[in-house]
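okay, here's the prediction I keep looking at, along with the sequence it came from:
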Amino acid sequence: MNCKITTLILLIFLIALSFKYALALNFNLDPMIQYNQFGQPYIAFGDNPSGDYINLNILGEGLTYDIPEALNVLLYKLEVWHNSSQIADGNILSINATINFTTNVSDIYYLQIYDFTNSQWFDCNFGIVEADTPTQWWCNITTNPMNYNSSDRIVRIRIYSTEDLDAGLLKEDYIQYFIGYEAGYLEVSLINPYSFNVIQNYAFPINATIKCKNGPCGEVTGIIRYNSSSENPDTPISTVFGDFPFFIQEEPAYSLKSCGIMYKDQTCQLNWTVNATGNVNTNWKIGVLFNSSYPEITENHTSNATVSIVSCTEDFTLSWSSISFGLLNPSTEKNPAPGNENNEYNITINPGSCNLNLYIRGTDLVNETLNSKIGVDNITWSNTSNDYSNSFNLTETDQIIKLNVPENTNVTTWYWINVPPVYAGYYNGTITITGVKA
Amino acid sequence: MKFFKIALLFLIITSAKAYALSMGSVLKNDYVKTTIDKSVKFTALFWNSENESYIVELSVKEAPKDWIILIEPNNFVLNSSFGKEYISLFDGYVRATPVDIIVKPNLAKPGKYSITIAARTILPQSGISFSQERLLKLVVEIENPLYFEETKEEKVISNLNQNSYEKQESINNFNFYPLIILIIILISIIIYKYS
């Protein structure tokens, strides 16, 4: 019995409550649009301070509002974009954009950062900003931060207020960006062989390459050094002409050279021309030390090249390696070698060679099948002109072609053959040119 | 005279295509000071800056008598693509082949000794082939302040050995002569008995 009475009373109370709110809506209680902390509108009942009338529709569980154009209501929205360039062209690990601002009207603001990869804005912060209150908001991106970096290294943020009836001013005090990125790495190497010989008092090239990896490298410089007082390179190679054991043979001469500002994946090559003045039969180590203007990038040294200094060489080239006299008749004399006419038999003393004494000797021309030979003295040679009368008979012992011949010199020779009456056939022999350090 | 009558009327001396023939060489060291009976090493480099390969053959041309001289390698192909070392030349770095020359002086008095190594290119072709040759001149200085003292010691040892030998010889002689005499006597007895 008591239970029935209680249920009845509760039912009457609910009906009465429903009836009251139905009356309230019907009685048009001057609702106002307000926003919660998430920017979503809600209805507040009471006096409308602006005096404008707003129709409201209640749709299901949500709440929307319409503002008839006929009312000609002025709405205000404030929006500021910042496109900021940043230098971190490498692998970005985090982006933090912090904005300090003040507004004179309390309003709802959004702070967003643009996702260039997905072409959309990402909400960093939003909510009510109180009037005349210094506010600091930030975007802190640690997930896929590269998405927020354009191909031309722009970070884009915007701050805006919601569109409403409030007209106000926004004062940005300052914006700070904190870009966390992977520091660049200087990948360096020598192009030269890692061990080589150089001729005393002759120049040789040292070439080094650098690749800026992972990120920006700033201004990169390289300095060429040798091991003056320790096992590894420790001293810049001198730029003073003639210095011992090396000097840079350039005009102007710099041991330190710059690649300029380098960005990720850029490469640079630095070249030096070095002269070896050190003692013969000494070994040195040479390398290039690269540095960046960014303090966080550690210096890097190329592998060292071991340089052995040798004396002048014995180096010459014969412009030919054999002579064909062609088809000859026996018992003929003064048959010239085909290259005589054009002075084709040149002995060139190559650069870097010591002065050389040049000698010539030969062997008999033989045909082993026929057991026949043409004596070596049937060949004549000249070191002065294409004139048989000036020629000498070749012998099996060394004869002087020319003495004390310096480098970069051509010595032209000419040859003839006198054919004795011998069997026809192929005759082979050898002429040897000997070079001896003068 | 018949030989020349039979001889044909012409002679052909031919050759194949002629290439430029280039050889460079340098001794890394051409002078070594050492003591008696110690081996020393010289190293020579050879390079060929032209495209055509050829053989290089090395041999000892001059050396003190009884000295041991090893050349390694003494016969190899030289071209611009191979070689354990590099040398910087006017047109860049060229590969070079090192050749070790190991010299072991033998019974030498202190002083300077010269050795000449000949290195010759071999590029066989028909007709008249040209060859390059280098003469590598090495100097070995034997320095041994103890040389004479050692010689004295050696003489002492030699004398000791000689004495030992003479003793042994006398011992051998001592055993040998009675034996001969005994054999002669025995043979004489046998001949006398059966004759």
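Received it, and whenever you're ready, just let me know what you need.

the helix or strand hosting A:T412 pairs with which strands?
Secondary structure assignment for A:T412, by DSSP states H and E: strand A:409-419. Strand pairing for strand A:409-419, using DSSP bridges, gives strand A:332-336 (antiparallel), strand A:345-349 (antiparallel), strand A:379-382 (antiparallel).

contacts for it, please.
Residues from elsewhere that reach strand A:409-419 (C-beta atoms under 8 Å, 6 or more residues apart in numbering or on different chains): A:323, A:325, A:328-337, A:340, A:343, A:345-349, A:358, A:360, A:374, A:378-383, A:385-388, A:391, A:401-402, A:405, B:11, B:13, B:128. From N, CA and C alone the C-beta is placed, and that goes for glycine too.

so where do the strands sit in chain B?
B:11-13, B:21-27, B:31-34, B:40-47, B:54-62, B:68-72, B:75-78, B:85-89, B:92-104, B:111-122, B:128-142 (DSSP state E).

so what secondary structure elements neighbour the last one?
Using 3 or more C-beta pairs under 8 Å, 6 or more residues apart in numbering or on different chains; DSSP states H and E as the contact criterion, the neighbours of strand B:128-142 among helices and strands are strand A:314-318, strand A:322-323, strand A:429-437, strand B:21-27, strand B:31-34, strand B:40-47, strand B:92-104, strand B:111-122.

same thing but at 7 Å, please
Applying 3 or more C-beta pairs under 7 Å, 6 or more residues apart in numbering or on different chains; DSSP states H and E, one finds that strand B:128-142 makes contact with strand A:314-318, strand A:322-323, strand A:429-437, strand B:21-27, strand B:31-34, strand B:40-47, strand B:111-122.

nearest to A:E296, out of those strands?
In terms of C-beta to C-beta, the element of those nearest to A:E296 is strand B:40-47, at 45.7 Å.

pLDDT score assigned to the residue most central in space within chain B?
The centre of chain B sits closest to B:I69, judged by C-alpha atoms, centre = their mean, with a distance of 4.3 Å. With respect to pLDDT, B:I69 has a value of 96.

residue contacts, it?
By C-beta atoms under 7 Å, 6 or more residues apart in numbering or on different chains, the contact list for B:I69 reads B:V60, B:A63, B:I101, B:V103, B:I115.

which one of the strands of chain B is the most hemmed in?
Between the strands of chain B, strand B:21-27 has the highest mean count of neighbours, a mean of 25, where neighbours are mean count of other C-beta atoms under 10 Å in any protein chain shown.

quickly run through the sheet partners of it, with directions.
Going by DSSP bridges, the partners of strand B:21-27 are strand A:314-318 (antiparallel), strand B:40-47 (antiparallel).

out of those strands, which gets nearest to B:A20?
Evaluated with C-beta to C-beta, the strands paired with strand B:21-27 place strand A:314-318 nearest to B:A20, the distance being 5.8 Å.

how far off strand B:85-89 does the closest one point, in degrees?
80 degrees (axes from the mean of the first three to the mean of the last three C-alpha atoms, to 10 degrees).

any weak-confidence spans in the stretch 51-200 of chain A?
A:51-73, A:87-90 (pLDDT under 70).

which parts of it sit against chain B?
Counting by C-beta under 7 Å from any C-beta of the partner chain, the stretch 51-200 of chain A comes close to chain B at A:N192, A:P193, A:S195, A:F196, A:N197, A:V198.

let's see 6 Å
A:P193, A:F196, A:N197, A:V198 (C-beta under 6 Å from any C-beta of the partner chain).

what sits against the second one?
Meaning A:F196. Counting by C-beta atoms under 6 Å, 6 or more residues apart in numbering or on different chains, A:F196 makes contact with B:Y86, B:S88, B:Y93.

would you quantify the distance from the residue nearest to the centre of chain B to chain A?
19 Å (C-beta to the nearest C-beta, to the nearest Å).

thinking again about what came up before, TSV for the contacts of B:I69, including pLDDT and distance to chain A?
Output for the contacts of B:I69, formatted as TSV (pLDDT from 0 to 100; distance: C-beta to the nearest C-beta, whole Å):
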residue	pLDDT	distance to chain A
B:V60	97	16
B:A63	95	17
B:I101	97	15
B:V103	94	16
B:I115	97	15
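
so what's the residue count around the closest residue to A:Y202 other than its chain neighbours?
Spatial nearest neighbour of A:Y202, chain neighbours left out: A:G352 (5.5 Å); criterion: C-beta to C-beta, 6 or more residues apart in numbering or on different chains. Counted with other C-beta atoms under 10 Å in any protein chain shown, the neighbours of A:G352 add up to 23.

for B:D91, same thing?
B:D91, neighbours per other C-beta under 10 Å, totals 9.

in contact with the residue nearest to it when sequence neighbours are not counted, which residues?
Spatially, and ignoring its direct neighbours in sequence, B:D91 is nearest to B:S49 (7.2 Å; C-beta to C-beta, 6+ apart). Listed by C-beta under 6 Å, 6+ apart, the contact partners of B:S49 are B:S22, B:S80, B:V94.

ok, which stretches of the stretch 101-250 of chain A are strands?
All strands of the stretch 101-250 of chain A, identified by DSSP state E, counting those that start in this stretch, fall at A:107-115, A:120-129, A:135-141, A:154-161, A:170-181, A:185-190, A:195-199, A:203-213, A:218-226, A:235-236, A:246-248.

list the buried residues in stretch A:133-150.
A:T135, A:W137, A:W138, A:C139, A:I141, A:P145, A:N147, A:Y148, A:N149 (16 or more other C-beta atoms under 10 Å in any protein chain shown).
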